[in-house]
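Trainee: Return atomic coordinates for the entry below.
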Amino acid sequence: MAAADGDQRWLVECLTATLDTARDIRDFAEESLRQASLLPGYGAALTKVTTNKEIPFGLHEENFVPPVVSASEKVVIRQLLLISLDDSHGKIRTAIGMAVAAIGQQDWPEDWPELLPYLLKLIGDQSNGCGVRGALRCLALLSDDLDDTCIPKLVPELFPSLYSIISSPHMYENSLRAKALAIVHSCISMLGSMSGVYKRETVSLMSSMLDPLMEQFSLILNSPVQSQNPDDWSMQMEVLKCLLQLVQNFPAVLAPLWHTFVSSFKVYESSMIQASEDVDSVGYDSDGNERSLESFGIQLFELWTSIVGNSRLAKVIVGNIKELTYYTIAYQQITEEQLQNWSRDANQYVADEDDVTYSCRVSGSLLLEEIVTAYDEYGIDSVLEASKMHFYESRELKKAGSADWWRLHEASFFALGSLSEQLCEAQDSGYNVRDLLEQMVTDTMGTELHQYPFLHARAFSILSKPPPVKVGACRALAQLLPESNQSLSVSNITGILSSLVDLLGKASDETLHLVLETLQSAIKSCGEQSTIIEPVISPIILDVWAQHIADPFISIDAVEVLEAIKNAPGCLEPLVSRILPTIGSILGKSKIQQNGLVAGSLDLLTMILKNAPIAVVKAVFDTCFTSIIQIVLESDDHGEMQNATECLAVFISGGRQELLLWGGGQGHTLKMLLDAASRLLDPGLESSVSLFVGSYILQLIIHLPSHLSPHFPELIAAIVRRMQSSSITGLKCSLVVIIARLVHLSAPNVDQFINLLLAIPAQGYNNSFAYIMSEWSQLQGEIQGAYQIKVTTTALALLISTRHPELSNIEVQGHIIKTSAGITTRSKARVAPDQWTKIPLPAKIFSLLADTLAEIQEQVVGDEDDDCEEDSDWEEIQNGDTSIPHDMIYSASVPSNANPSVEHLNAMAKVFDEDDDESYDDDLAKTDTLNEVKPLDFLTNTFVKLWESDRPLFEYLCQDLTDSQRNAVEKVLRK
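Mentor: Numbering: from 1, shown residues only. Here you go, the predicted structure:
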């Protein structure tokens, strides 16, 4: 302690006291530290204690509450941390490294320019092993935050140091070499991201480094994989990650990957499948990353999947596809560890299979899918040929007396099953898939069931056999029953349901999902026989639902089974009579129920009400409606509020005008509905509580418009307040849909509706119209759902068609202003957030409509360019003579990213399919007359009328359109 000053000694004493067994001493010490943290110099003093090597090791690990420090203190702290990176204690070195990285992510490079030079100096000092480890740890953590301004300067200085470590196995242990490779991977990833903007710079940077790196990659991958040496796996996995980035982003040279794939299988087979070698199945490196032969194999599959998925590289390796497929199926064999786990617990078998567990089996299936997608018929041929070869090999192994013969047989089943949809299409196209499967199933049936249960399970065998086979049988029934065409006899149905109910009582949570799914399929296949089984099955499923009410997945499965019973002929009324008394009691005493029961009951009630006849809606109304209103008005539970809102929406959809006559006094029911809307629109509520209020109010507008119209001003004002207080985009979008539906309701007097909005105030804006259009114009691209997109798009067309003078007085968000080139990092975003232009509202609306029109036309024409291959932007790098085979050399292009979200385009596609009005996701909106509107015709009519009535305005609005938007508009004008 001689080296410690007074402050350090006091801190050490306080820290020591926090470990005291006496509570009063601990409390006093903790309070003293808290008060000290408010004083200047505390951060520097604490850092000195941390880095003082004479202080006992245990005190370094005390919990740390970050103090507020001055800029001058930060300088001291940063210097102290850097010089302590070579601490001899691994935990301290790691902690200091993490602290340096955390500070560096905030302060580097602007406020800490000396960080990287110091780290590079540490890496280059081969005599200081602890310093190398500490510096690599920092760089690994920092590398994820590198941006385009740092990479070009950093890589030329950093890569030589990293290469020196990677290429010196005699001087550096494999764990350090793996860490250096991880940093190379991060840098290559960033260079790949830069390649679109800085193509020439990135090619120049990589061209000088690619040859030496690929030479080392080749040496590392060519080294035999040793099952007993996880450090080798970590290093080879990092090489595979680097290659994966090179394949995706650069004119990459694929090192002897094939040799690694094949040689690794031999080790994987002996160690994992046959378990003939003693190896720990899973280990972890210093960063907590898994090190195992399984994870190494998965990384190999990921790389091959990326290669096959690249259209240019796929052509290069086409000659190796059959062999690649052959080895892939071999990798998919059940491992000894899986066999032992699944034999002990069949529920684990279900969990691993249904949850798509991270494994070589699953990764291999993904690769096979990619092969079939990339090579079509040739891919199908390869899979069938490889499966047949492995099937015949399993036969030969069986004849030779091998106990493991069945694994290849099962793996072939597994591979074919993972491609069931593609193989069904192939069968229809003339491929003889059925004969191969029949032959494989016949051979399976000739084996002893209890000896090979997983082979039988994979073949979807009979129901009343060992647990793995029951699981397989459930899957088979779930797939076969929907195709039975209600042709099963009463005895067959009774037998199946009896067995499933028996299995239901023994199933774990993982298996329960599968059994409930099978029950659902069985009930749907009962046809007219459903009334016989409803009294037996309904109470059992209701009991399962009640027992698992806190588990959303199982309770939803149970509700879906009850929904199948509800939809079965003659079962709705008895099911409602069975459910309603209990649900009514639960909702009537909602405040004393167990957690989740009220929300679950509301969910069950909503299912019953959907598409129910008016008599059922009336019965549910009499028992539950008032209680549901009270829940909306009084509950603070988010789930209860959301489910009650959905339930009320279905009530209105089913009851419509008659609903208002059921509540007794004049206007009593309407008042309750409006009170509920007022609570849900309360700006003081959390946004998530009001998530479904849009659907609820939409039903009021669609089915009760005349009763609601006197309340429109108050309703709109409440909607505006709720939008302004909301933090959830989805909620805002749903409220925009309400405004859009009101626009349609006001037609042909849309200008009067605009005047109404102008008269309603909005905080921070001149009026509600200005606020709503500011939000709407930004959110239009975020709106999801075919119906919602149709309503909002056509409403915008109605608004611009009015040419109301107030439209031109409003400016809204236009295009983003690029303030700097390159990638926007966190530090840049903090200093300079995105800025946008301001444009007149009519120009924005016109642009949005033109964009939608272009999307519609593109859908009509079809994706004609799907089969056209884009030319690569990359220039081939010629590095002279190389020993790597030509068919492993190619360049890869980076695919462009579309601006609209996938969900938005999928929903848009449904709008564009004008002949399929039944494709809407929102069942509640099916009765809306707006479903009859054809968006293409509506927009075409809008543009044509505007062009004919106000040519100068039309030409003015066209000025800011993109080429694709302008072409779309011109196309409809030429018709």
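Trainee: L38 - that's part of a strand, no?
Mentor: No - L38: not assigned to a strand; according to DSSP: H, G, I helix; E, B strand; the rest coil it is coil.
Trainee: Backbone dihedrals for it, both of them.
Mentor: phi -90, psi -10 (degrees, to the nearest 10).
Trainee: ok, now A649?
Mentor: phi -60, psi -40.
Trainee: tell me the contacts of it?
Mentor: 692, 695-696, 698-699, 924 (CB atoms under 8 Å, 6 or more residues apart in numbering). In short, each C-beta sits where N, CA and C put it, glycine included.
Trainee: neighbour-wise, which of these leads?
Mentor: Using other CB atoms under 10 Å as the neighbour test, the contacts of A649 are led by Y696, with 27 neighbours.
Trainee: Spatially, what comes nearest to it if we skip its sequence neighbours?
Mentor: A649 (4.5 Å; CB to CB, 6 or more residues apart in numbering).
Trainee: Show me what the lengthiest helix in the chain is packed up against.
Mentor: For the chain, the helix with the greatest residue count under DSSP state H is helix 360-399. Judged by 3 or more CB pairs under 8 Å, 6 or more residues apart in numbering; DSSP states H and E, the packing partners of helix 360-399 are helix 293-309, helix 311-316, helix 321-331, helix 405-418, helix 420-428, helix 433-445.
Trainee: Provide the angle between the direction of that helix and the direction of helix 405-418.
Mentor: Interaxial angle of helix 360-399 relative to helix 405-418 (axes from the mean of the first three to the mean of the last three CA atoms, to 10 degrees): 140 degrees.
Trainee: per-domain residue ranges of this structure.
Mentor: For the chain, the TED database gives the domain ranges 146-223+230-247, 310-444, 745-817+833-860+933-974.
Trainee: Save those domains as CSV, and put in mean neighbour count and distance to E573 too.
Mentor: Formatted as CSV, these follow (neighbours: other CB atoms under 10 Å; distance: least, CB to CB, whole Å):
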stretch, mean neighbour count, distance to E573
domain 146-223+230-247, 20, 59
domain 310-444, 18, 35
domain 745-817+833-860+933-974, 18, 31
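Trainee: Is it possible to get JSON lines of those that adds distance to A17 and mean pLDDT?
Mentor: Shown next, in JSON lines, are those (distance: least, CB to CB, whole Å; pLDDT from 0 to 100):
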{"stretch": "domain 146-223+230-247", "distance to A17": "38", "mean pLDDT": "78"}
{"stretch": "domain 310-444", "distance to A17": "46", "mean pLDDT": "86"}
{"stretch": "domain 745-817+833-860+933-974", "distance to A17": "46", "mean pLDDT": "89"}
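Trainee: Could you save these as JSON lines and add columns showing distance to T669?
Mentor: JSON lines is the format used below for these (distance: least, CB to CB, whole Å):
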{"stretch": "domain 146-223+230-247", "distance to T669": "58"}
{"stretch": "domain 310-444", "distance to T669": "45"}
{"stretch": "domain 745-817+833-860+933-974", "distance to T669": "21"}
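Trainee: which stretch among the ones you listed comes nearest F265?
Mentor: Nearest of the domains of the chain to F265, taken as CB to CB: domain 310-444 at 5.8 Å.
Trainee: where along the stretch 1-150 of the chain do the helices fall?
Mentor: Using DSSP state H, counting those that start in this stretch, the helices of the stretch 1-150 of the chain run over residues 6-17, 23-36, 42-51, 71-82, 90-107, 115-124, 129-142.
Trainee: Dump the helix or strand following the last one to CSV, restricted to CA.
Mentor: Moving toward the C-terminus from helix 129-142, the first helix or strand encountered (DSSP states H and E) is helix 151-166. Listed in CSV are the C-alpha atoms of helix 151-166, where the atom choice follows Å, rounded to 0.1, in the frame of the first residue of the first chain:
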residue,chain,number,x,y,z
ILE,A,151,-11.1,2.1,-41.7
PRO,A,152,-9.1,3.4,-44.6
LYS,A,153,-6.5,4.8,-42.1
LEU,A,154,-6.6,2.0,-39.7
VAL,A,155,-6.4,-1.1,-41.9
PRO,A,156,-3.0,-0.4,-43.5
GLU,A,157,-1.5,0.0,-40.0
LEU,A,158,-3.5,-2.7,-38.2
PHE,A,159,-3.4,-5.6,-40.7
PRO,A,160,0.4,-6.0,-40.7
SER,A,161,0.3,-6.4,-37.0
LEU,A,162,-2.6,-8.8,-37.1
TYR,A,163,-1.0,-10.7,-40.0
SER,A,164,2.1,-11.1,-37.9
ILE,A,165,0.1,-12.8,-35.2
ILE,A,166,-2.0,-14.9,-37.5
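Trainee: just the contacts of A649 now: which is nearest D376?
Mentor: L924 (41.4 Å).
Trainee: Go through the helix or strand encompassing V737 and flag the buried ones.
Mentor: Assignment of secondary structure by DSSP H and E places V737 within helix 729-746. Buried residues in helix 729-746, defined by neighbour count with 16 or more other CB atoms under 10 Å: 730-746.
Trainee: Quick one: list the elements packing against the next helix or strand after it.
Mentor: Proceeding N to C from helix 729-746, the next assigned helix or strand is helix 750-758, under DSSP H and E. Applying 3+ CB pairs under 8 Å, 6+ apart, one finds that helix 750-758 makes contact with helix 712-725, helix 729-746, helix 768-779, helix 786-802.
Trainee: ok now the following helix or strand past the last one, how far from the chain's centre?
Mentor: Looking back up the chat, that one is helix 786-802. Counting by DSSP H and E, the next helix or strand C-terminal to helix 786-802 is strand 811-817. Mean-position distance between strand 811-817 and its chain equals 30 Å (CA atoms, centre = their mean, to the nearest Å).
Trainee: what lines up beside strand 811-817 in the sheet?
Mentor: If you go by DSSP bridges, strand 811-817 pairs up with strand 835-840 (antiparallel).
Trainee: So which of the helices and strands packed on helix 750-758 is nearest R312?
Mentor: Set against R312 and scored by CB to CB, the helices and strands packed on helix 750-758 come closest in helix 786-802, at 36.1 Å.
Trainee: What is that closest one packed up against?
Mentor: Using 3+ CB pairs under 8 Å, 6+ apart as the test, helix 786-802 ends up in contact with helix 729-746, helix 750-758, helix 841-861, helix 902-912, helix 935-949.
Trainee: Put together CSV for these, with distance to K315 on each row.
Mentor: Listed next are the helices and strands packed on helix 786-802 as CSV, based on distance: least, CB to CB, whole Å:
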stretch, distance to K315
helix 729-746, 42
helix 750-758, 56
helix 841-861, 28
helix 902-912, 27
helix 935-949, 39
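Trainee: Quick one: closest of these to H638.
Mentor: helix 729-746 (12.7 Å).
Trainee: May I have that closest one as PDB, with CA atoms only?
Mentor: The C-alpha coordinates for helix 729-746 follow below in PDB (Å, rounded to 0.1, in the frame of the first residue of the first chain):
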ATOM      1  CA  THR A 729     -45.800   4.100 -35.000                       C
ATOM      2  CA  GLY A 730     -48.300   1.300 -35.400                       C
ATOM      3  CA  LEU A 731     -50.800   3.200 -33.200                       C
ATOM      4  CA  LYS A 732     -50.300   6.400 -35.100                       C
ATOM      5  CA  CYS A 733     -50.800   4.600 -38.400                       C
ATOM      6  CA  SER A 734     -54.100   3.000 -37.200                       C
ATOM      7  CA  LEU A 735     -55.400   6.500 -36.200                       C
ATOM      8  CA  VAL A 736     -54.400   7.800 -39.600                       C
ATOM      9  CA  VAL A 737     -56.600   5.100 -41.100                       C
ATOM     10  CA  ILE A 738     -59.500   6.400 -39.100                       C
ATOM     11  CA  ILE A 739     -59.000   9.900 -40.400                       C
ATOM     12  CA  ALA A 740     -58.800   8.500 -43.900                       C
ATOM     13  CA  ARG A 741     -62.000   6.600 -43.500                       C
ATOM     14  CA  LEU A 742     -63.700   9.800 -42.300                       C
ATOM     15  CA  VAL A 743     -62.400  11.500 -45.500                       C
ATOM     16  CA  HIS A 744     -64.200   8.900 -47.500                       C
ATOM     17  CA  LEU A 745     -67.300   9.200 -45.300                       C
ATOM     18  CA  SER A 746     -67.400  13.000 -46.100                       C
END
